[in-house]
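K.L.:
make a model of this:
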Amino acid sequence: METTNQNKVYAYARARKRVQDIKEFYHHLFFYLLFNMPLLVFAEQIADLLRATVFDDPEFGKWIELNMYITPLFWGIGLLFHGLYTFIFKGRILKNWEEKQIQKYLDQE
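P.N.:
The predicted structure is shown next:
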């Protein structure tokens, strides 16, 4: 009887953690889109504005323009790995490992 209750508690804890992981991924995606979509859409206008008003050095202007594309690229790669971890590796591969470990510790008790 107690093992069944423990299994339910563990199952609930795993489900809660899974929902939290998915929620964190969607927050990450939201902020990626919030910051990078306007940056990519208005990259030329922002670079021209910075070159015309703030920075006189053309090389620095090129560096700023390059960073407007590099930042979303690397952030997107990080987001991709976050999504893979959340939905594929965490969802399937690690789930089996977690269940085996939990069962191993339950059997020991």
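K.L.:
run through this protein and note the low-pLDDT ranges.
P.N.:
1-3, 54-55, 91-95, 109 (pLDDT under 70).
K.L.:
just the helices from it, written as ranges.
P.N.:
All helices of the chain, identified by DSSP state H, fall at 2-41, 43-53, 58-84, 94-108.
K.L.:
what about the closest residue in space to residue 7 that isn't next to it in sequence, how many residues close to it?
P.N.:
Closest residue to residue 7 apart from its sequence neighbours, by C-beta to C-beta, 6 or more residues apart in numbering: residue 106 at 7.6 Å. Yep, even glycine has a C-beta here, placed from its N, CA and C like the rest. By other C-beta atoms under 10 Å, 12 other residues sit near residue 106.
K.L.:
is it true that residue 106 touches residue 6?
P.N.:
Yes. With contact defined as C-beta atoms under 8 Å, residue 106 counts as touching residue 6 (6.7 Å).
K.L.:
so how far is residue 79 from residue 86?
P.N.:
Look at residue 86 and residue 79: by C-beta to C-beta, to the nearest Å, they are 10 Å apart.
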